[in-house]
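*Asks:* Sequence and predicted model, in that order:
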Amino acid sequence: MTKATFGSVTALVPTGASVAAALAFYKDQLGFSVVWQDENGAEIARDAVSFLLVSNNNREWIENSSYSIGVTDLDALYEEYRGVPAKVGALEIKPWGRREFHMILPFGVCLQFYGRNDRA
């Protein structure tokens with residue numbers, strides 16, 4: 001009997017009240033491309049990271065959704081994202097030794113970006 005191998009994980013991310021508005025934000029502000037979409041959701045991707053956006057306006061789920069994304073050039077990404085219409089936190093070294101910044105999207109989801117090779 002062969003054993004299955006895991007290849008990837010794709011997070012289900014709530015969109016809030018409007019799939020279209022969330023999709024536009026990810027595309028226009030964060031540089032994601034659309035893999036597919038329908039009225040209830042979409043798959044988006046940027047480089048090796050993908051998300052499944054799902055129509056869900058449950059505030060408890062949205063406000064407790066947080067996703068950590070490792071990147072190769074954190075400084076460049078911070079420059080790209082610091083002007084987007086979201087709550088973008090400071091780029092800093094955290095007490096646990098990792099350089100990162102957080103972004104709270106307009107619909108409440110939190111994205112955390114960290115340098116994959118940045119350690120203090």
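*Replies:* In hand now; what should we look at?

*Asks:* contacts and neighbour counts: CA atoms only from here.
*Replies:* Noted.

*Asks:* which of the residues in the lengthiest helix in the chain are buried?
*Replies:* Counting by DSSP state H, the longest helix found in the chain is helix 19-28. By 16 or more other Cα atoms under 10 Å, the buried positions in helix 19-28 come out as 19-20, 22-27.

*Asks:* Below-threshold pLDDT in this protein: ranges please.
*Replies:* 117-120 (pLDDT under 70).

*Asks:* What are the boundaries of the helices in it?
*Replies:* Ranges of helices within the chain are 19-28, 59-63, 74-81, based on DSSP H.

*Asks:* Let's have these in JSON lines, adding distance to residue 51.
*Replies:* Shown next, in JSON lines, are the helices of the chain (distance: least, Cα to Cα, whole Å):
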{"stretch": "helix 19-28", "distance to residue 51": "10"}
{"stretch": "helix 59-63", "distance to residue 51": "14"}
{"stretch": "helix 74-81", "distance to residue 51": "18"}
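
*Asks:* Figure out which of the ones you listed is closest to residue 108.
*Replies:* helix 59-63 (5.3 Å; Cα to Cα).

*Asks:* What is that closest one packed up against?
*Replies:* Applying 3 or more Cα pairs under 8 Å, 6 or more residues apart in numbering; DSSP states H and E, one finds that helix 59-63 contacts strand 11-14.

*Asks:* Pull the residues that contact the strand it packs on.
*Replies:* 50-57, 61-62, 65, 109 (Cα atoms under 8 Å, 6 or more residues apart in numbering).

*Asks:* In that strand, which residues are buried?
*Replies:* Buried residues in strand 11-14, defined by neighbour count with 16+ other Cα under 10 Å: 12-14.

*Asks:* residue contacts, residue 20?
*Replies:* Contacts for residue 20 were tallied using Cα under 8 Å, 6+ apart; there are none.
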